[in-house]
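Student: Have a look; sequence and predicted model below, questions after that.
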Amino acid sequence: KSVKLYSNFYASDIIVASPLALKLKIDGGEVTKKKGRPKENDSDFLSSIEIVVVDYADVISMQNWSHLHAVLEQLNHLPSKEHVTNVMRIRPWYLDEQARYYRQTIILSSYLTPEMNALFNGSCLNYEGKVKLATEFTGVLPKIQLEIRQVYERFDASSIGELDDARFEYFCTKVYPKIQESDEVLFLLYSRNICNAVMFT
């Protein structure tokens, strides 16, 4: 008759944690209240992991990548204690230290880095093989039914400090008069440098 947002690692089916939190847990970073010294190293809760999802790997790469690498190195080892485990239910390949070859590892990222490639080649050892998928965003222009005429204007500036003023002056003297004289109904003006858009009706 209750909902628990946290349970013991050994009683959990799903572990949602950052690499830093898992690294602290493995290294015994928590200090006991009574004895005042760090707990002993404990990575047995990672011995039976079957699916690993590394989400936002690009964000993790901006932090300490070694934490993630250290956690993945501790996966699927033989536990040092029983932890109230029914030995009769343990699969044979876990006892033969072959569990890493049956683990599914999913790495999600917005872009690819050499560290991710090294992790993919060194820590992903599934016997079924490996797959890399990359999605390409084609944009929305192919979905537009009506043809759109795009016009690019180039201007010159004497220095970077005068770039904004030169852009605005070029717009007032060259671009805006053309808009006023045109018979078109709608205009969309987009500036790549300042990343904004203005629509004229």
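Tutor: Sure thing, it's come through. Residues are numbered from 1 along each chain as shown.
Student: what's near enough to touch the nearest residue in space to residue 47 that is not next to it in sequence?
Tutor: The shortest distance from residue 47 to any non-neighbouring residue, by CB to CB, 6 or more residues apart in numbering, is to residue 79 (4.6 Å). Where C-beta positions appear, they are placed from N, C-alpha and C, glycine not excepted. The contact partners of residue 79, by CB atoms under 8 Å, 6 or more residues apart in numbering, come to 44, 47, 85.
Student: doesn't residue 79 fall inside a strand?
Tutor: No: judged by DSSP: H, G, I helix; E, B strand; the rest coil, residue 79 forms no part of a strand; its state is coil.
Student: Could you pull up the contacting residues of residue 115?
Tutor: 61, 65.
Student: Now render the contacts of residue 79 as CSV, adding pLDDT and distance to residue 122.
Tutor: Shown next, in CSV, are those (pLDDT from 0 to 100; distance: CB to CB, whole Å):
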residue, pLDDT, distance to residue 122
44, 85, 23
47, 86, 19
85, 72, 29
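Student: In the chain, which residue is most central in space?
Tutor: Closest to where the C-alpha atoms of the chain average out (CA atoms, centre = their mean) is residue 56, at 1.5 Å.
Student: And for the residue lying closest to it once chain neighbours are set aside, the neighbour number?
Tutor: Nearest residue to residue 56 in three dimensions, chain neighbours excluded: residue 108, at 6.9 Å (CB to CB, 6+ apart). Residue 108 has 10 neighbouring residues, counting by other CB atoms under 10 Å.
Student: repeat for residue 119
Tutor: The number of residues packed near residue 119 is 20, by other CB under 10 Å.
Student: Make sure residue 125 is actually in contact with residue 98.
Tutor: No: applying CB atoms under 8 Å, one finds residue 125 not in contact with residue 98, separated by 9.8 Å.
Student: From the contacts of residue 79, list the buried ones, please.
Tutor: 44, 47 (16 or more other CB atoms under 10 Å).
Student: which one among the contacts of residue 79 gets closest to residue 179?
Tutor: Comparing these against residue 179 with CB to CB places residue 47 closest, at 68.0 Å.
Student: The closest one touches residue 82, doesn't it?
Tutor: No: Residue 47 is not in contact with residue 82 according to CB under 8 Å; the separation is 11.4 Å.
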